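S.K.: okay, sequence plus prediction incoming.
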Amino acid sequence: MSSKQVVVIIAQLLSAIVAGAAPLVWAIAAHPGL
């Protein structure tokens with residue numbers, strides 16, 4: 001496995017985590033309790 005492949009895989013994982021966490025962060029930020 002080349003380093004470029006590793007970078008691509010890590011980038012995809014990070015983007016997936018961000019995409020999954022964004023709605024949760026938005027819900028927390030928009031919560032009136034805060």
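M.R.: Everything's here; your move. Residues are numbered from 1 along each chain as shown.

S.K.: host element of P32?
M.R.: Per DSSP states H and E: P32 is located in neither a helix nor a strand.

S.K.: per-residue pLDDT, L34?
M.R.: We have a pLDDT of 59 for L34.

S.K.: how about W26?
M.R.: On the pLDDT scale, W26 gets 88.

S.K.: and it, what does it touch?
M.R.: The contact partners of W26, taken as C-beta atoms under 8 Å, 6 or more residues apart in numbering, number zero. Bear in mind the C-beta positions are built from the backbone N, C-alpha and C, glycine included.

S.K.: how far away is the residue nearest the centre of the chain from A30?
M.R.: For the chain, V18 is the residue whose C-alpha lies nearest the centre (C-alpha atoms, centre = their mean; 1.3 Å). Distance, V18 to A30, using C-beta to C-beta, to the nearest Å: 18 Å.

S.K.: follow-up on the earlier one: check the gap between the residue nearest to the centre of the chain and A29 for me.
M.R.: 15 Å.

S.K.: go on, S2?
M.R.: For S2, the distance to A29 - C-beta to C-beta - is 39 Å.

S.K.: got phi/psi on H31?
M.R.: Backbone torsions of H31, given as degrees, to the nearest 10, read phi -70, psi 130.

S.K.: burial of I9, as a residue count?
M.R.: Neighbourhood size, I9 [other C-beta atoms under 10 Å]: 11.

S.K.: go on, Q12?
M.R.: Neighbours around Q12, by other C-beta under 10 Å: 10.

S.K.: for it, give me its contacts.
M.R.: No contacts exist for Q12 under C-beta under 8 Å, 6+ apart.

S.K.: and it, what pLDDT?
M.R.: 97.

S.K.: give me the element it is part of.
M.R.: helix 3-30.

S.K.: please tell me how far that helix is from the chain's geometric centre.
M.R.: 2 Å (C-alpha atoms, centre = their mean, to the nearest Å).

S.K.: could you do stretch 1-11 as well?
M.R.: 17 Å.

S.K.: just the C-alpha atoms of that stretch, please, in CSV.
M.R.: The C-alpha trace of stretch 1-11 is given here as CSV (Å, rounded to 0.1, in the frame of the first residue of the first chain):
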residue,chain,number,x,y,z
MET,A,1,0.0,0.0,0.0
SER,A,2,1.5,3.3,-1.1
SER,A,3,1.5,6.4,1.1
LYS,A,4,-0.9,8.1,-1.3
GLN,A,5,-3.4,5.3,-0.8
VAL,A,6,-3.1,5.8,3.0
VAL,A,7,-3.7,9.5,2.7
VAL,A,8,-6.8,9.0,0.5
ILE,A,9,-8.2,6.4,3.0
ILE,A,10,-7.6,8.7,5.9
ALA,A,11,-9.2,11.6,4.1
